[in-house]
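> Take a look and give me a structure for this.
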Amino acid sequence: MDTELTPRQTFFNLPPDKQQRVLEAAVQEFSERGYQQASINTIVSRLNIAKGSIYQYFDSKKSLFLFIFNQGIAMVRQMLKQVKKESQGEDFFTRVRKSLMAGVEFIDKHPALYRVYLRILFERDSPLREDFLQTIRLFSREYILSLLEEGQARGEVRKDLDPVLAVFILDAVLDKFLQNYALPYLDPALELNEKKGLEEKIDSIVTMLRQGFAAADGI
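So this is what the prediction gives:
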C-alpha cells in the first residue's frame, strides 16, 4: 500500500488513549460533514492541539480517512468472527438473526463510525469510494457464504439455491435493514426509530428467509 496512505510511526508511538482521542475526533468530523467538507482545523480544535501536530501522525486528510475506514472494517470483522464462533452449532437462521442483532448493537455502540460508512455509500466524492465499497461487500458476502455453506452441509438450507443469488439477497436484506435502523427516515413505515418491537421485526425477517431458504424438512 502507498505509504502516503498509512499513518506515520509517530502516531503509533502515542499512548493508546491519545491515539483513540485522535481517531474519535476524526470519526466525529467525517461522520458529520463527509470527506470533502471535513476540516482538519475542526479536528485539531476538538483535540486542542496545533494543526501541525496532526501532520506528524498522518500525511494528509486522505490517509487519516483511510486509516479510520480500515479500523472500522477490522472492528466489524472481529465482531462477526465472535458471532460466528459463539453461534457454532446453531442453525443457519439463528446465526443470521444473531448477525443482524450484532449489527444493531454495533450501530448503537459506534454510531459515528457507522455514519462514516453511510457517507461513503451515499456520497460519490469520498476518496477511494469504489475500493471501499468493494471491500465491504466482498467481506460481507464471504461471511454470509460461509454461514450458508455450513447450513447447507447440515441440511438446514436448500441445496438447490444458487449461492451467488442467495448471498446477494441475504446481504441486501441485512445491509438495508441496518441502514434503515441508523436512518429511520429512509423507510418510516418500518418504524425502526422505536426500540420496542425491533427484535420482533428481526424475527419476522428471519421467518420470511426461512420460508424461502429452508430445506423441506427444516421448516
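> State the helix or strand in which the spatially most central residue of the chain lies.
The structure's the chain has its C-alpha centroid closest to Val76; by CA atoms, centre = their mean the separation is 5.7 Å. Using DSSP states H and E, Val76 falls within helix 61-86.
> Give me the helices and strands touching that helix, please.
helix 16-37, helix 92-109, helix 111-122, helix 129-153 (3 or more CB pairs under 8 Å, 6 or more residues apart in numbering; DSSP states H and E). Glycine gets a C-beta too; all of them are placed from N, C-alpha and C.
> and the angle for the helix or strand just after the last one with helix 129-153?
So that's helix 129-153. Note on helix 129-153: by DSSP H and E, the next helix or strand toward the C-terminus is helix 163-182. Orientation of helix 163-182 against helix 129-153 (axes from the mean of the first three to the mean of the last three CA atoms, to 10 degrees) gives an angle of 120 degrees.
> I would like the residues contacting helix 163-182, please.
96, 99-100, 103-104, 107, 111, 114-115, 118, 121, 137, 140-141, 144-145, 148-149, 186-187, 190, 192, 198, 202, 205, 209, 213 (CB atoms under 8 Å, 6 or more residues apart in numbering).
> Mind giving me the ChimeraX select for those, buried ones only?
Here is the ChimeraX command that selects only those of those that count as buried (16 or more other CB atoms under 10 Å):
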select :96,99,100,103,104,107,114,115,118,140,141,144,145,148,192,198,202,205,209,213
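> Please work out which residues outside the helix or strand bottoming out on mean pLDDT in the chain touch it.
Here the helix or strand of the chain ranked lowest by mean pLDDT, DSSP states H and E is helix 51-57, holding a mean of 89. Helix 51-57 has contacts (CB under 8 Å, 6+ apart) with 7-8, 10-11, 14, 22, 40-41, 43-44, 47, 64.
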